[in-house]
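**Student:** Make a model of this:
(chains A and B)
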Amino acid sequence: MQDTKPRGRLFRIWDSDVAASFRRSPVAIVSGLVALVIVLAAVFAPWIAPTNPYDPSSLNLMDGFTPPMQPNAFTGNSYLMGTDNQGRDVFSTILYGARISLFVGVSAVLLAMVLGISAGLVAGYRGGWVDAVLMRVADVQLSFPSILIALLIFGVARGIIPPTQREAMAIWVLIVAIGLSDWVQFARVVRGATMVEKGKEYVQAARVIGVTPLRILIRHILPNVMGPVLVIATISVALAIIAEATLSFLGVGVPPTQPSLGTLIRIGQQFLFSGEWWILLFPAVTLLALALSVNLLGDWLRDALNPRLR
Amino acid sequence: MADPFLTVTHLTRRFDVSKPWLNRVLEREERQFLTATADVSFAINKGETFALVGESGSGKSTIAKMIVGLLAPTEGQIAIDGQKLDPKDPVSMRALRRRMQMIFQDPFASLNPRWRVGDIIAEPIHTLGLMPRAEITVEVARLLDLVGLSKADAGKFPHEFSGGQRQRIAIARALASRPDFIVCDEPTSALDVSVQAQILNLMRDLQDEFKLTYLLISHDLSVVRHMSNRIGVLYLGRLVEVADAKRLFHEPQHPYTRMLLDSVPDLALSGRRRKPVSGEIPNPISPPAGCAFHPRCPVAQDQCQIAVPALRPTPTGEAACLLAGVAPPTDA
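**Tutor:** This is a model prediction of the structure:
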């Protein structure tokens, strides 16, 4: 590490190391671009998409099953990626679907992060029985596949929420289900890092001054354990998007009126053998590209933040 | 003891080092305790530097941590300026915390790597609510100047400094609450020899300027000799000798002190044969019976294995040895 920056710059050398590592890695650049394009397309879907798939009045059932780039036999309309069975433009539904997938994935990971980081900080700093209880809960949860946990939470939520609100609440239930099934790995990593940090002298120095434990955890320890958390969070976003798609594919996710990528794939696979391949293929490729690029970004970030691999 | 500032009486700390409960039941083992500090009593006068020396594992740092409230004593008491220190009482601790600070051994670990130097130094002022926010920047600049750094350094991060500069930052932080008493836990042992003297001299200058009282923890006898007025020698958690610093080096009373002094390299090349320390410090989980030093002691007698000798007055201070001092050994 050499200090080439002028004084008073907000950027740290640490940041520039990561930036340099990004510039040197073709995989990171490509996956970063792919992820960026999909995220931007999802965010600006209402302005980019040619049609609004959520608006039933804009749909024409006669448009159904239009192949990509070919005029419809009845209406003569042509669509970039064709239409599905209800005549919805596949390209538009993918944009809106990616929006929902990303929203669910990111929100679920944020929820998992908040829960996992809090639990990990408390367990690691307190130790003793608090640590033992939290970590045994984590162990038990880890011994189930997380998709089962999500299904369980989903089932419980269905029992609690009145039927009239189920559709409106579906996205939030999905976020809670995925978030609750994913907090464990954050908790474990943060706990381990906290146990290392709390023995360091800067924490003791703060205790000598009389800084409260909560403030020590948030102001002193948290910034020093965020590195590994960021890596896990990135990879978790990819996993959460896949989990959302899996749940939606199984029919317990978002309703078909507000399709996510998973819902689109579920709709599309019904028509795979009858020859309407585009309904399945385009959402599936989008999901693959999104999950893969985010995952590769996470892999790169892990290596970039690991001082031993530098 | 004209004006004792800090008094430590019968200070004992035991650590539970037992295996987990299930292992104990299965392997039929008893609970195990490690006695890090046993029955240590001493007093530090206002404005003096009292040094604690001893090998690794002698309990030096445990005593330091108990004095600043990081560890609760198992038994015994600590009083600062007549006020009893009780880690369980937040109100009294708050008042005492302003008056005592600590300088740590490793300046690479004692400064939070993600904080700016200015924030690090200001933290005691913030936490203890000592002055309004607007004045803190000026105060931080004053503290940086005091330890020989520039006020522009407040905006930098710790990794931009060398070890000696970092220790200066740590000293500035310790001074921020304007304490009367600073515990220095091996303040120079992580530094290059060339920088050690600068830091020690800075500490002495600050002591003169602010009438500070120091408790200096060290295993480096040359540092101790340079800095301290009185010295306490620790062996396996017990104080074996307390003496005036100048006289301890010439007239060691306890055989352990003598052994430590004989092991110091002699830079004057006087031709004195250097005797390496023989043996190792025993396992503190099962210390030897009687005087803990007897297995290594060149003058040990049968009585030494029977009872722990108490500190008794000697011409230079106190020593915990049957053979020490003017009085010939009578009984244990």
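
**Student:** where along the stretch 101-250 of chain B do the helices fall?
**Tutor:** B:117-128, B:133-146, B:163-175, B:193-210, B:221-227, B:245-250 (DSSP state H, counting those that start in this stretch).

**Student:** Going by contacts, tell me the helices and strands next to the longest one.
**Tutor:** So the one you mean is helix B:193-210. Counting contacts by 3 or more Cβ pairs under 8 Å, 6 or more residues apart in numbering or on different chains; DSSP states H and E, helix B:193-210 is packed against helix B:163-175, helix B:221-227. Using the backbone N, CA and C atoms, a C-beta is placed for each residue, glycine as well.

**Student:** worst average pLDDT in the ones you listed?
**Tutor:** When the helices and strands packed on helix B:193-210 are compared on mean pLDDT, helix B:221-227 scores lowest, with a mean of 88.

**Student:** Including mean neighbour count, could the helices of the stretch 101-250 of chain B go into TSV?
**Tutor:** Output for these, formatted as TSV (neighbours: other Cβ atoms under 10 Å in any protein chain shown):
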stretch	mean neighbour count
helix B:117-128	22
helix B:133-146	15
helix B:163-175	24
helix B:193-210	15
helix B:221-227	19
helix B:245-250	17
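
**Student:** Low-confidence bits of chain A, can you list those?
**Tutor:** Confidence mapping of chain A against pLDDT under 70 gives the ranges A:1-16, A:306-310.

**Student:** And the helices in it?
**Tutor:** A:13-24, A:26-43, A:45-48, A:90-126, A:128-142, A:146-160, A:166-180, A:183-198, A:201-209, A:213-215, A:222-249, A:261-269, A:278-305 (DSSP state H).

**Student:** ok, the nearest residue to residue A:92 once chain neighbours are set aside - contacts?
**Tutor:** Among residues not flanking residue A:92 along the chain, residue A:49 sits closest, at 3.8 Å (Cβ to Cβ, 6 or more residues apart in numbering or on different chains). Taking Cβ atoms under 8 Å, 6 or more residues apart in numbering or on different chains, we find residue A:49 in contact with A:89, A:91-92, A:95-96.

**Student:** How about the residues of the stretch 51-200 of chain B by chain A?
**Tutor:** Applying Cβ under 8 Å from any Cβ of the partner chain, one finds that the stretch 51-200 of chain B approaches chain A through B:65, B:68-70, B:93-94, B:97, B:100-102, B:104-106, B:109-115, B:123-124, B:127-128, B:152, B:155-157, B:159-160, B:170, B:173, B:177.

**Student:** just the buried members of the residues you listed?
**Tutor:** In terms of neighbour count (16 or more other Cβ atoms under 10 Å in any protein chain shown), the buried residues within those are B:65, B:68-70, B:97, B:100-102, B:104-106, B:109-112, B:114-115, B:123-124, B:127-128, B:156-157, B:160, B:170, B:173, B:177.

**Student:** which residue does the stretch 201-310 of chain A bring closest to chain B?
**Tutor:** Residue of the stretch 201-310 of chain A nearest chain B, by Cβ to the nearest Cβ: residue A:201 (3.8 Å).

**Student:** what ranges do the strands span in chain B?
**Tutor:** B:4-16, B:33-45, B:49-53, B:75-80, B:83-84, B:100-103, B:181-185, B:213-218, B:230-235, B:238-244, B:312-313, B:317-319 (DSSP state E).

**Student:** could I get these as a markdown table with mean pLDDT?
**Tutor:** Listed next are these as a markdown table, based on pLDDT from 0 to 100:
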| stretch | mean pLDDT |
| --- | --- |
| strand B:4-16 | 89 |
| strand B:33-45 | 89 |
| strand B:49-53 | 93 |
| strand B:75-80 | 89 |
| strand B:83-84 | 84 |
| strand B:100-103 | 92 |
| strand B:181-185 | 93 |
| strand B:213-218 | 93 |
| strand B:230-235 | 92 |
| strand B:238-244 | 91 |
| strand B:312-313 | 85 |
| strand B:317-319 | 87 |
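
**Student:** Need the ones you listed in TSV (columns: distance to residue A:303).
**Tutor:** Formatted as TSV, those follow (distance: least, Cβ to Cβ, whole Å):
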stretch	distance to residue A:303
strand B:4-16	40
strand B:33-45	41
strand B:49-53	46
strand B:75-80	49
strand B:83-84	54
strand B:100-103	38
strand B:181-185	37
strand B:213-218	41
strand B:230-235	47
strand B:238-244	51
strand B:312-313	64
strand B:317-319	59
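
**Student:** Tally up the residues packed near residue A:171, please.
**Tutor:** Neighbourhood size, residue A:171 [other Cβ atoms under 10 Å in any protein chain shown]: 19.

**Student:** Is it in contact with residue A:103, as I believe?
**Tutor:** Yes: in this structure, residue A:171 is within contact of residue A:103 by Cβ atoms under 8 Å, at 7.5 Å.

**Student:** Pull up the overlap in contacts between the two.
**Tutor:** Jointly contacting residue A:171 and residue A:103 under the rule Cβ under 8 Å, 6+ apart is no residue at all.

**Student:** List the residues that contact whichever residue of chain B sits closest to chain A.
**Tutor:** Here the residue of chain B nearest chain A is residue B:110; by Cβ to the nearest Cβ that distance is 3.8 Å. Residues near residue B:110 by Cβ under 8 Å, 6+ apart: A:200-202, A:204-205, B:103-104, B:166, B:170.

**Student:** What is the nearest of the residues you listed to residue B:203?
**Tutor:** residue B:103 (8.1 Å; Cβ to Cβ).

**Student:** What residues are bridge-paired with that closest one?
**Tutor:** Assessed by DSSP bridges, residue B:103 has beta-bridge partners residue B:184.

**Student:** That one and residue B:179 touch, don't they?
**Tutor:** No: between residue B:103 and residue B:179 there is no contact under Cβ under 8 Å: 10.8 Å.

**Student:** More neighbours: these two, which one.
**Tutor:** residue B:103 (26 against 20).

**Student:** Can you tell me how far the closest residue to residue A:166 other than its chain neighbours is from residue B:322?
**Tutor:** Leaving aside its sequence neighbours, residue A:166 sits nearest to residue A:158 (Cβ to Cβ, 6+ apart; 6.8 Å). Per Cβ to Cβ, to the nearest Å, residue A:158 is found 81 Å from residue B:322.

**Student:** Neighbour count: the two, which is higher?
**Tutor:** Ranked by neighbour count (other Cβ under 10 Å), residue A:158 and residue B:322 place residue B:322 first, with 25 against 14.
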